[in-house]
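1. what's the 3D shape of this:
(chains A and B)
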Amino acid sequence: MNAPGYFLSHLWFIPLFPLISSAVMFFFGRRLSKEAVNLFCVGTVFLSFLHALGAVLKLLALPASQRVYQQILFPWVTPGAMPTATGMVNFVADWGYLLDPLSCVMVIVVTFVGFLIHVYSIGYMAHEGGYYRFFGYLNLFMFSMLTLVLANNLLLLFVGWEGVGLCSYLLIGFYFLKKFAADAGKKAFIVNRIGDAGFLLGLLLVAATFGTVRFTSQGLPDPAAFSGILQTLANMVAQHQVAYGASVFTAIALLLFVGAAGNSAQIPFYVWLPDAMEGPIPVSALIHGATMVVAGVYMVARMSAIYQLAPVAMDVVAVVGAATAIFAATLAVVQTDIKKVLAYSTISQLGYMFLALGVGAFAAGVFHLMTHAFFKALLFLGAGSVIHSLSGEQDIRKMGGLRYTIPATSVPFLFATLAITGVPGLSGFFSKNEILGHIFNRHQMMDRYLVLWVVGIFTAGLTAFYMFRLLFETFYGMSRVSIALEGHIHESPKTMTVPLMILAFFSIVSGWLALPILWGEESPFERFLEPSLRGVEVDTGEIAFGRHTLLAEYSLMAASVALVAVGWWLAYKLYLDSPKLHTKLAESWPRLHNLLIHKYYVDEIYDALFVNRIKDLSTALGFFDSKVVDGLGVDGAGWLVRRFSRISIWWDKWVVDAVVNLLGRFPKFLSMPMRMFQTGVFSTYAVFILIGLAVLLGYYGHHVQIFVRTLH
Amino acid sequence: MPIGHYLFLSLALFLIGAIGVITRRNVLIVLMSIELILNAVNINLVAFSRYFGDVAGQVFALFIIAAAVAEAAVGLGIIIAFFRNRETVLADEMDLLKW
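-> Next comes the predicted model:
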């Protein structure tokens, strides 16, 4: 292809900027002023956004068939030759970035919404401690998420995947001095990890089957040198090595979906998301609303080529998605904490996205991902603004009538609610109806899709009900704010309300990308994404289905709007019209109400089945450690040493000391006779002198005799 | 006069002196006995000097007298010093150097 230009060839800058600023925060952050932190962290995210925008615009300038750009920074994992299903392959996983229509959408969403949330955090976290730490973690998250969406192979995607899991843990437990927050962080990370185990198995299976983890080899300067999954798959299918519905594809798809379910909070791994609301609001908005939780959706869409060849796995995805959607929606109805309602709402909307992916409407799922990012971020940030205005109050039973006092928050929030419920004209309407329309379309082939459609549309009604309930309880009606807080209600600063307005604008407008479906044409968004999601040409043995008629389209829309209206009317009746009606309703069905309040006792079941059993295991092992290892080993060794020291003592006392004493006593014994000579009395010494003299005389006596004889 | 007579006298004095040194308890008597021994030796020397006509014997006797005087003085000094410390002049009780 022709010269890439600055933005595309510097694609790797996009994740690099937040990485640099997070490193600066970790090393020097303590010494920096708040303004410096702001400049660094928000500035780098803004730079990433500009680069992303430039790269996407550059890509859009190319004709549709050439909109793929890859760059490889360096070959990263090079274990050498590896046996695969197709023979020996030289396996290489490189550190490279890929920009194609799918990652375009993701990178714009991540950097733009991320940037707005960073700006919001300046205002929200202004009075909190650990300012630099927060932004450091948040930027580390941006790096991981951008690595995830821009990765050109599954292994690098997994690196980003793990990174966002880590940052999620760090940020949920940001107020780590609060036990519940720390526990929530742990829960998130551990549940995520279980999903990651499935992901890793799926990744290994992909590597073993295809000999590569690279997505595609398009867009490289030399496509023949490397081969991507897409190309290998096409080859395998063309040579009839594998068939549609082969079990290896099902296995890969299901394993990867386990990972997606962990990260994106589907059944049975959703339990960490409501607890994750312990983290600060910007964290909930960014990580658990707009970006991290959609990583699973992105990953499935990315691997759509494989999913399209595994119909069993697709059914599983669709059913799990639908079940999660309606399950979470029923729970959101009774929550009283403003953040928890939004958490369950997120789980429910994610279920929608997976439902879309599961029925084969990959583009519709990604479209909903994009619109959801805008209005869910707006909902969370708006909730944060409300909490900020009420100096920390989060219980919606203690709110009400706020639209008069904080209009700068309530108006964007209203638009977000309208968007999420699917009021005509706003973004949610388009994306939801795309999904529902696709499901209904498929049902003409298989009746079971009708069930999914019914579940989907019923969930839409529930969504409308609980969202309008939230809106009414928080902003409308009589003020139930406690007297102490009443006087302190103040509007949030500009740095918080301006992002709200920007997000509100996009919540309205982003859906218009699919406007042409209103007059029967294909949505431009879907056409844009089509090259990424095409998959491999294969004879599936199914009849290709065309788009349904315009009449069918409008009837479906009417049906969904009708349900939205019903939901709105119910919320109005129960919460605004007669304020105590909902309490009376709760009292008349206490068992059902209890079940919902306790979240179907899922956490308790998990505790009994898994958590406490593992704790029991560790108690047992601890017992073993203290009694056996410490008792026998450590104490026993000590006992043995003490026994040996007894023997040493005896030896030392009776053998060694005896020798020493003997050596001392012997000279003493020998000298005993000699001592007797030293009487100290002169007389004795005089005797010895004379004895000596006598001896001398006797010895030399014969000389005296001779001498005496000569005298005579 | 045969020299034997002088030698015999010398020997007798020497023995008396020697037995006094060994036997006597009072250390002053021991000192006097030592003088006796020395004087016995003097007689011996002078006798031999007369017999052989060599004056060296008499000269040596003079040396011995001088030495005896010095030694008596020092000995007395020691005894007096000892007496001042231990209040005794009996040899049996002077056993500080006993084992």
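2. next SSE downstream of the lengthiest strand in chain A?
-> When secondary structure is assigned using DSSP state E, the longest strand within chain A turns out to be strand A:69-84. Per DSSP states H and E, strand A:69-84 leads on to strand A:87-99 as the next helix or strand towards the C-terminus.
3. next, A:Asp521: secondary structure please.
-> No Asp there; residue A:521 is Glu. The three-state label for A:Glu521, taken from DSSP: H, G, I helix; E, B strand; the rest coil, comes out as coil.
4. quick one: it from chain B, how far?
-> For A:Glu521, the distance to chain B equals 133 Å [C-beta to the nearest C-beta, to the nearest Å]. Bear in mind the C-beta positions are built from the backbone N, C-alpha and C, glycine included.
5. I'd like to know how many residues surround that residue.
-> Burial of A:Glu521, expressed as a neighbour count using other C-beta atoms under 10 Å in any protein chain shown, amounts to 12.
6. just to revisit the earlier point, give me the contacts around the longest strand of chain A.
-> Applying C-beta atoms under 8 Å, 6 or more residues apart in numbering or on different chains, the set of residues contacting strand A:69-84 from outside is A:1, A:4, A:8-9, A:11-12, A:55, A:59, A:88-100, A:152, A:155-156, A:207-211, A:216-220.
7. quick one: it to strand A:87-99, angle?
-> With axes from the mean of the first three to the mean of the last three C-alpha atoms, to 10 degrees as the criterion, the two stretches strand A:69-84 and strand A:87-99 enclose an angle of 160 degrees.
8. mind listing what's buried along strand A:69-84?
-> Buried residues in strand A:69-84, counted by 16 or more other C-beta atoms under 10 Å in any protein chain shown: A:Tyr69, A:Gln70, A:Gln71, A:Ile72, A:Thr84.
9. and stretch A:55-73, by the same measure?
-> A:Ala55, A:Val56, A:Lys58, A:Leu59, A:Arg67, A:Val68, A:Tyr69, A:Gln70, A:Gln71, A:Ile72.
10. dump the residues you listed into a markdown table; add pLDDT and distance to A:Asn441 as well.
-> Written out in a markdown table, the entries for the buried residues of stretch A:55-73 read as follows (pLDDT from 0 to 100; distance: C-beta to C-beta, whole Å):
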| residue | pLDDT | distance to A:Asn441 |
| --- | --- | --- |
| A:Ala55 | 90 | 34 |
| A:Val56 | 89 | 30 |
| A:Lys58 | 87 | 35 |
| A:Leu59 | 86 | 30 |
| A:Arg67 | 80 | 27 |
| A:Val68 | 83 | 28 |
| A:Tyr69 | 84 | 33 |
| A:Gln70 | 83 | 34 |
| A:Gln71 | 84 | 38 |
| A:Ile72 | 84 | 40 |
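11. pull up the pairing partners for the longest strand of chain A, direction included.
-> When pairing is defined by DSSP bridges, strand A:69-84 lines up against strand A:87-99 (antiparallel).
12. check which helices and strands the host helix or strand of A:Met299 sits against.
-> Taking DSSP H and E as the definition, A:Met299 sits inside helix A:295-302. Under the contact criterion of 3 or more C-beta pairs under 8 Å, 6 or more residues apart in numbering or on different chains; DSSP states H and E, helix A:295-302 touches helix A:101-124, helix A:131-150, helix A:154-172, helix A:247-263, helix A:338-358, helix A:362-389, helix A:524-533.
13. give me the angle between the first one and strand A:69-84.
-> Relative orientation of helix A:101-124 and strand A:69-84, computed by the same axes, to 10 degrees: 110 degrees.
14. how about the fifth one?
-> Orientation check (the same axes, to 10 degrees): helix A:338-358 against strand A:69-84 gives 70 degrees.
15. just how off-centre is helix A:338-358 within its chain?
-> 17 Å (C-alpha atoms, centre = their mean, to the nearest Å).
16. how many residues are close by A:Met478?
-> Summarising burial for A:Met478: neighbours were counted as other C-beta under 10 Å, giving 9.
17. if I look at it, how far off is chain B?
-> A:Met478 sits at a distance of 119 Å from chain B (criterion: C-beta to the nearest C-beta).
18. likewise A:Phe666?
-> Per C-beta to the nearest C-beta, A:Phe666 is found 18 Å from chain B.
19. quick one: pLDDT of that residue?
-> Here, the pLDDT recorded for A:Phe666 equals 90.
20. same question for the one 4 residues further on.
-> Among the per-residue scores, A:Leu670 holds a pLDDT of 88.
21. residues near the nearest residue to A:Leu414 once chain neighbours are set aside, how many?
-> Setting aside the residues directly before and after it, A:Leu414 is nearest to A:Leu471 in space (C-beta to C-beta, 6 or more residues apart in numbering or on different chains), at 6.7 Å. Taking other C-beta under 10 Å as the neighbour definition, A:Leu471 ends up with a count of 24.
22. ok, A:Leu471 touching A:Thr417?
-> Yes - taking C-beta atoms under 8 Å as the definition, A:Leu471 is a contact partner of A:Thr417 at 4.8 Å.
23. so what's residue 6 closest to, chain neighbours aside?
-> I went with chain A, as the question did not name one. Nearest residue to A:Tyr6, sequence neighbours excluded (C-beta to C-beta, 6+ apart): A:Gly54, at 7.3 Å.
24. correction: the question concerned chain B.
-> The spatially closest residue to B:Tyr6, leaving aside those adjacent along the chain, is B:Ala47, at 3.6 Å (C-beta to C-beta, 6+ apart).
25. residues of the helix or strand where the one you found lies that come out buried?
-> Per DSSP H and E: B:Ala47 is located in helix B:27-52. For helix B:27-52, the neighbour count (16+ other C-beta under 10 Å) marks B:27, B:30-31, B:33-49 as buried.
26. equivalent analysis for stretch A:309-320, please.
-> A:Leu309, A:Ala310, A:Pro311, A:Ala313, A:Met314, A:Asp315, A:Val316, A:Val317, A:Ala318, A:Val319, A:Val320.
27. please identify which of the residues you listed is nearest to chain B.
-> Nearest to chain B among the buried residues of stretch A:309-320 is A:Val320, at 108.3 Å by C-beta to the nearest C-beta.
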